[in-house]
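Engineer: Predicted structure and sequence below. I'll ask about it afterward.
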Amino acid sequence: MSAAPLVGYSSSGSEDESEAGVQTRPGSGDCRRGQSPLPSQRFPVPDSVLNMFPGTEEEPEDDSTKHGGRVRTFPHERGNWATHVYIPYEAKEEFLDLLDVLLPHAQTYVPRLVRMEAFHLSLSQSVVLRHHWILPFVQALKERMASFQRFFFTANRVKIYTNQEKTRTFVGLEVTSGHAQFLDLVSEVDRVMEEFSLTTFYQDPSFHISLAWCVGDARLQLEGQCLRQLQEMVDEFEDAEMLLRVHTEHVRCKSGNKFFSMPLK
């Protein structure tokens, strides 16, 4: 994301069909006493049975209604793992109190806004890794991160973002101090991305913590008056200066359903 616009298994068809359609040949002498011979004409197999044994591999259903209307940035392909490098932000009670003030106000402008389930600051775009490259990729990241010192940053400027496709809008808190350290981290992450022929991070990135999101491009409604009011709320919130000053202790990588943590010095 950048500052303005941002930033089942295939079954064996032949085997399944042979098992589903097996019948004794009429007149073969295999009928046992008391049983009637099978008719020479096969009855049609019901669709419900045929559909149990698909002859071709089916792609997983990509139903956007099951994940809030979000649309995939890239299509799902078996063996590919969506991978993302970021700094996690552990939300304290006071931070959630602030969000309880900001979100209802923003929802008066865009009612479909919803709170983020978890909070982080991105150090990479979402990229695709083949499964067998995950561990080498993480190891390369750990080697790059090993020499980095822990640092403090402040994120207290409200800003509106969209993803590159403008299919989602985010309300975020932009980093106002510690930007140089984030750039240094991204530089090392980008080197790993290049080693694996993956997409590097955005040019001139705006590092931020996303607070809430919605489907579609809602910048017109959220920028201007709403943005100014949200900023005033942050500035006036009790202990906001200390609350939004964060100590960075580790970098995290998420690949599919796997998480890897890389402590800073």
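Structural biologist: Nice, I can see it.
Engineer: can you pull out the strands in this structure?
Structural biologist: 80-89, 114-115, 119-122, 127-130, 151-162, 168-177, 208-215, 245-248, 250-255, 258-263 (DSSP state E).
Engineer: Can you get me a residue count around the closest residue to Leu211 other than its chain neighbours?
Structural biologist: Spatially, and ignoring its direct neighbours in sequence, Leu211 is nearest to Val171 (5.0 Å; Cβ to Cβ, 6 or more residues apart in numbering). The way it works is simple: take the backbone N, C-alpha and C, and place the C-beta from them, glycine included. When neighbours are counted by other Cβ atoms under 10 Å, Val171 registers 27.
Engineer: just checking, Glu249 touches Ser261?
Structural biologist: No. Using Cβ atoms under 8 Å, Glu249 is not in contact with Ser261; the gap is 9.5 Å.
Engineer: And the helices in the chain?
Structural biologist: Here the chain has its helices, by DSSP state H, at 13-20, 47-50, 93-107, 134-145, 179-195, 219-222, 225-236, 240-243.
Engineer: picking up where we left off before, and the strands of the chain as a markdown table, adding distance to Leu99 and mean pLDDT?
Structural biologist: As requested, the strands of the chain are exported to a markdown table (distance: least, Cβ to Cβ, whole Å; pLDDT from 0 to 100):
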| stretch | distance to Leu99 | mean pLDDT |
| --- | --- | --- |
| strand 80-89 | 12 | 97 |
| strand 114-115 | 6 | 98 |
| strand 119-122 | 9 | 98 |
| strand 127-130 | 29 | 96 |
| strand 151-162 | 12 | 97 |
| strand 168-177 | 10 | 98 |
| strand 208-215 | 6 | 98 |
| strand 245-248 | 15 | 96 |
| strand 250-255 | 21 | 97 |
| strand 258-263 | 23 | 96 |
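Engineer: Same list, those, but as TSV with distance to Val101 please.
Structural biologist: What follows is the strands of the chain, written out as TSV (distance: least, Cβ to Cβ, whole Å):
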stretch	distance to Val101
strand 80-89	18
strand 114-115	12
strand 119-122	16
strand 127-130	35
strand 151-162	12
strand 168-177	13
strand 208-215	11
strand 245-248	19
strand 250-255	28
strand 258-263	31
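Engineer: Between these, which one is closest to Gln225.
Structural biologist: Each of the strands of the chain has some distance to Gln225 by Cβ to Cβ; the shortest is strand 151-162, at 12.2 Å.
Engineer: Can you list the buried residues in that closest one?
Structural biologist: Using 16 or more other Cβ atoms under 10 Å as the test for burial, strand 151-162 gives 151, 153-162.
Engineer: So which elements touch it?
Structural biologist: Helices and strands touching strand 151-162, by 3 or more Cβ pairs under 8 Å, 6 or more residues apart in numbering; DSSP states H and E, are strand 168-177, helix 179-195, strand 208-215, helix 219-222, helix 225-236, helix 240-243, strand 245-248.
Engineer: now the angle from it to strand 168-177?
Structural biologist: 150 degrees (axes from the mean of the first three to the mean of the last three Cα atoms, to 10 degrees).
Engineer: Distance from strand 151-162 to the middle of the chain?
Structural biologist: 20 Å (Cα atoms, centre = their mean, to the nearest Å).
Engineer: Could you do stretch 166-178 as well?
Structural biologist: 16 Å.
Engineer: Put the alpha carbons of it into PDB.
Structural biologist: The C-alpha coordinates for stretch 166-178 follow below in PDB (Å, rounded to 0.1, in the frame of the first residue of the first chain):
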ATOM      1  CA  LYS A 166      -9.200   0.200  -5.500                       C
ATOM      2  CA  THR A 167     -11.400  -2.600  -4.400                       C
ATOM      3  CA  ARG A 168     -10.900  -1.900  -0.700                       C
ATOM      4  CA  THR A 169     -10.500   1.200   1.400                       C
ATOM      5  CA  PHE A 170      -8.700   1.500   4.700                       C
ATOM      6  CA  VAL A 171      -8.600   4.000   7.600                       C
ATOM      7  CA  GLY A 172      -5.100   4.000   9.000                       C
ATOM      8  CA  LEU A 173      -2.600   5.600  11.400                       C
ATOM      9  CA  GLU A 174       0.500   6.700   9.500                       C
ATOM     10  CA  VAL A 175       4.000   6.500  10.900                       C
ATOM     11  CA  THR A 176       5.300  10.000  11.700                       C
ATOM     12  CA  SER A 177       8.600   9.000  13.400                       C
ATOM     13  CA  GLY A 178      10.700   5.900  12.800                       C
END
